[in-house]
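here is a sequence with its predicted model. Questions after.
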Amino acid sequence: MRIVRLANFVTTHTGGLRTTLRSLGEGYQRAGHEAVLIVPGRQRSDDMTSQGRVITLPSAPLPRTGGYRVMAGRRELTRLLDELEPDRIEVSDRATLRWTGGWARQRGVGSMMVSHESLAGLLGVWGMPMRDSLADRLNLRTAETFDQIVCTTAFAATEFRRLGVPNLVEIPLGVDLDVFHPSRADETVRARYAREGELLVVFCSRLSAAKRPELAVDALAALRNAKVPAVLVVAGDGTRRPALAYRSARLPVRFAGHIAERADVAALLASADVVVAPGPVETFGLAALEALACGTPVVVNAASALPEVVGEAGVAVAGTAEAFADGVRELMGRPERERRAVARERAENFGWPQAVEGFLQAHGAMSAAAPSPVAIGRQRPGAVLRPAVPGPGAPAA
């Protein structure tokens with residue numbers, strides 16, 4: 001089966017979406033399918049990689065987005081899709097690429113939209129009026145256009161489920177349990193950022209408004225005001241960095257910038273005492289899961305999907321600096337060996353092989369007798385996935 005995947009808003013070097021695309025593509029290839037990925041970039045390229053064929057189309061950058069680019073030319077992309085003749089398409093952008101669902105339906109090609117964000121949540125971050133009604137209208141159009149809607153958590157699925165969308169399936173993402181491992185802890189890395197006796201807190205994410213990095217800085221200030229000798233490492237880059245540097249001028253905040261190698265990211269996460277994930281609209285949170293895989297507990301925003309991902313391996317708190325500081329102290333009150341063991345154990349429920357199996361099953365690329373992966377939920381962790389149901393007028397997969 002040839003599965004052509006399309007995504008906009010993919011960062012050049014790293015990020016949760018890029019990690020997801022790479023891991024799924026590699027899994028599709030290992031399973032004997034042909035994976036093709038189309039993404040925007042500075043210049044045209046066409047390469048064979050571990051995740052299959054990757055085609056980059058020249059695309060203009062979006063101002064004030066930290067380097068995001070968008071494939072805007074429908075004619076060129078339509079021509080490319082026609083040339084590729086996919087059996088299925090998998091789309092990871094329900095804003096600028098939603099039209100590809102119509103292309104697929106006209107040609108009898110199976111289609112899947114993967115929802116990587118809460119649309120209502122993002123509209124709220126952007127200050128859009130009447131965000132819920134607008135999100136509902138757009139989500140209904142998406143569900144009507146694509147054969148299947150895939151959400152990675154119950155949180156992400158909520159905005160579709162309340163509309164009664166029938167073609168919905170939940171499939172958790174995964175983590176590389178070999179790269180992200182407690183054995184990556186390195187005293188040299190720790191000593192680079194914190195002195196002996198200091199609490200090492202890490203924020204690892206893109207520095208954008210949706211990720212709320214300022215909340216991590218303010219939580220550090222609250223910890224220091226409470227006489228907790230904590231330091232904060234900010235791993236990542238983005239448009240918010242200058243403002244964060246100004247905000248943290250009198251605080252022990254170390255800006256590590258973009259860390260290119262996954263092994264180096266793992267070393268930082270495994271060497272930390274705690275990781276904070278303050279984003280309120282996260283619909284999965286790969287960075288938090290990577291921290292758990294490294295044996296490091298996480299304080300997360302209770303408004304996001306992360307409480308259902310981290311479970312008892314973390315603490316979910318309100319989106320205030322004081323609440324995050326309290327969450328850090330609560331986790332540090334647990335015996336170290338216990339909190340690290342629980343974190344790793346939780347992450348081991350989320351391997352990429354299970355995620356790939358779930359996506360291939362949703363694509364109809366696996367036997368119906370294959371076991372379904374396990375979905376996660378706030379109220380029913382471990383609930384079995386709902387099978388996808390073709391949308392109105394959808395062709396058979």
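Here it is on my side, so go on.

helix or strand for the residue nearest to V356 when sequence neighbours are not counted, which one?
Excluding its sequence neighbours, the residue lying closest to V356 (CB to CB, 6 or more residues apart in numbering) is G27, at 3.0 Å. The way it works is simple: take the backbone N, C-alpha and C, and place the C-beta from them, glycine included. Applying DSSP states H and E as the criterion places G27 in helix 16-30.

quick one: distance of that helix to the chain centre.
Relative to its parent chain, helix 16-30 has a centroid offset of 12 Å by CA atoms, centre = their mean, to the nearest Å.

residues contacting that helix, please?
Under the criterion CB atoms under 8 Å, 6 or more residues apart in numbering, residues 3, 5, 7, 9-11, 34-35, 37, 39, 49-52, 92, 116, 173-174, 176, 284-287, 352-353, 355-356, 359-360 lie in contact with helix 16-30.

quick one: buried residues of that helix?
Of the residues in helix 16-30, 16-29 count as buried by neighbour count, 16 or more other CB atoms under 10 Å.

got the CA positions of that helix in CSV?
Provided in CSV are the C-alpha atoms of helix 16-30 (Å, rounded to 0.1, in the frame of the first residue of the first chain):
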residue,chain,number,x,y,z
GLY,A,16,6.7,16.7,18.0
LEU,A,17,5.1,16.7,14.6
ARG,A,18,8.4,16.0,12.8
THR,A,19,9.1,13.2,15.4
THR,A,20,5.7,11.7,14.8
LEU,A,21,6.0,11.8,11.0
ARG,A,22,9.4,10.2,11.1
SER,A,23,8.4,7.4,13.5
LEU,A,24,5.2,6.5,11.6
GLY,A,25,7.0,6.6,8.3
GLU,A,26,9.7,4.3,9.5
GLY,A,27,7.1,1.9,10.9
TYR,A,28,5.1,1.9,7.6
GLN,A,29,8.3,1.1,5.7
ARG,A,30,9.2,-1.8,8.1
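
on that earlier part again, tell me the pLDDT at the residue nearest to V356?
Predicted confidence (pLDDT) for G27: 97.

how about the strands of the protein, start to end?
Assigned by DSSP state E, the chain shows strands spanning 2-6, 34-41, 45-49, 52-58, 88-91, 110-115, 148-151, 168-170, 199-204, 230-235, 253-257, 274-277, 298-301, 314-317.

now render those as JSON lines, adding distance to A243.
Formatted as JSON lines, the strands of the chain follow (distance: least, CB to CB, whole Å):
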{"stretch": "strand 2-6", "distance to A243": "33"}
{"stretch": "strand 34-41", "distance to A243": "27"}
{"stretch": "strand 45-49", "distance to A243": "34"}
{"stretch": "strand 52-58", "distance to A243": "31"}
{"stretch": "strand 88-91", "distance to A243": "33"}
{"stretch": "strand 110-115", "distance to A243": "29"}
{"stretch": "strand 148-151", "distance to A243": "32"}
{"stretch": "strand 168-170", "distance to A243": "36"}
{"stretch": "strand 199-204", "distance to A243": "14"}
{"stretch": "strand 230-235", "distance to A243": "12"}
{"stretch": "strand 253-257", "distance to A243": "12"}
{"stretch": "strand 274-277", "distance to A243": "18"}
{"stretch": "strand 298-301", "distance to A243": "19"}
{"stretch": "strand 314-317", "distance to A243": "23"}
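
can you list the ones you listed in JSON lines and add mean neighbour count?
Formatted as JSON lines, these follow (neighbours: other CB atoms under 10 Å):
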{"stretch": "strand 2-6", "mean neighbour count": "23"}
{"stretch": "strand 34-41", "mean neighbour count": "22"}
{"stretch": "strand 45-49", "mean neighbour count": "11"}
{"stretch": "strand 52-58", "mean neighbour count": "19"}
{"stretch": "strand 88-91", "mean neighbour count": "26"}
{"stretch": "strand 110-115", "mean neighbour count": "25"}
{"stretch": "strand 148-151", "mean neighbour count": "25"}
{"stretch": "strand 168-170", "mean neighbour count": "23"}
{"stretch": "strand 199-204", "mean neighbour count": "25"}
{"stretch": "strand 230-235", "mean neighbour count": "24"}
{"stretch": "strand 253-257", "mean neighbour count": "16"}
{"stretch": "strand 274-277", "mean neighbour count": "29"}
{"stretch": "strand 298-301", "mean neighbour count": "28"}
{"stretch": "strand 314-317", "mean neighbour count": "23"}
